[in-house]
Structures are given as structure tokens and as C-alpha cells.
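# quick one: sequence and predicted model below, then my questions.
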Amino acid sequence: MRIVKIAGLALVAACWFWARDMVQGEREELALIWCAPLLQFPITLLGRRALDKQPVRERAEKASVLVHYAMMIALGISIFPAIQRVQQQPRGVLPFPLPLGNALVSLTACATALTVLNLA
């Protein structure tokens, strides 16, 4: 399991560096910023299904590690383009109305917190 954790961390770092250097256009940038965090919903669902299929300790440990690394990738790859965008355009216009943006932030934050509580 130790090798899997080290390989997972290397994969997370590789994805984060890719996201930092990849952004080519505004559409790709906005897709990473807004869509990548939404991947936490299917990741959570797949992790939950894996645990429900065989609720044994070994399976729970493996599912927890895989879900956490997948979450780190999904949430992390959106951070780099978002930081670069804020640095380039401090008063950039969001593609969503403010109430909708706030609702999305609240929804994804709540889902992330519930995922961590569920897998802790």
C-alpha cells in the first residue's frame, strides 16, 4: 500500500504541474477552473459504491486512499489556473451571476466536507 500512496502522490503532483503549465486559451482555463471541482461528485459516488460492494477493512482503506488522491487531483488542477487568472485580471468577470457562483461554492464546499467526514 505504501508504493500505491507514493505513486498516487506522484500522480497528483504531475497533474498539478500539468494544470499549471497547460492552460492555452480562455475556454480551457475556465473549464479547468469551473468543471474540475465538480468531479468530486462522481468520485464520491464511485468511492461510496466501492465501499458498499464489499465493506471490509482492506477495501475501505484502498477506497479511501484512491478517493482522496482523486479529490486532490480534481480540486488541485483548478487552483493553478484560478490563481493565474486572478493575478492577471484582479477584477475579472465571473461567467456566472454572483448568487449562482456563491451557491456553487457552497455546494462544492459542503460536498467536500461530507466526503472527508464520510471517509475519515
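Alright, I've got the coordinates. These numbers come from a predicted model, not from an experiment.
# immediately after the lengthiest helix in the chain, which helix or strand?
Looking across the chain with DSSP state H, the single longest helix is helix 57-88. Sequence-wise, the next helix or strand downstream of helix 57-88 (DSSP states H and E) is helix 98-119.
# by how many degrees do that following helix and helix 57-88 diverge?
Here the directions of helix 98-119 and helix 57-88 differ by 150 degrees (axes from the mean of the first three to the mean of the last three CA atoms, to 10 degrees).
# renumber starting at 714 from here on
Yes, from this point I'll number from 714; that puts the last item at helix 811-832.
# picking up where we left off before, for the longest helix of the chain, packing partners?
On a contact count with 3 or more CB pairs under 8 Å, 6 or more residues apart in numbering; DSSP states H and E, helix 770-801 meets helix 715-735, helix 739-748, helix 753-766, helix 811-832. Glycine gets a C-beta too; all of them are placed from N, C-alpha and C.
# how about the ones you listed in JSON lines, adding distance to Val780?
Output for those, formatted as JSON lines (distance: least, CB to CB, whole Å):
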{"stretch": "helix 715-735", "distance to Val780": "11"}
{"stretch": "helix 739-748", "distance to Val780": "19"}
{"stretch": "helix 753-766", "distance to Val780": "4"}
{"stretch": "helix 811-832", "distance to Val780": "6"}
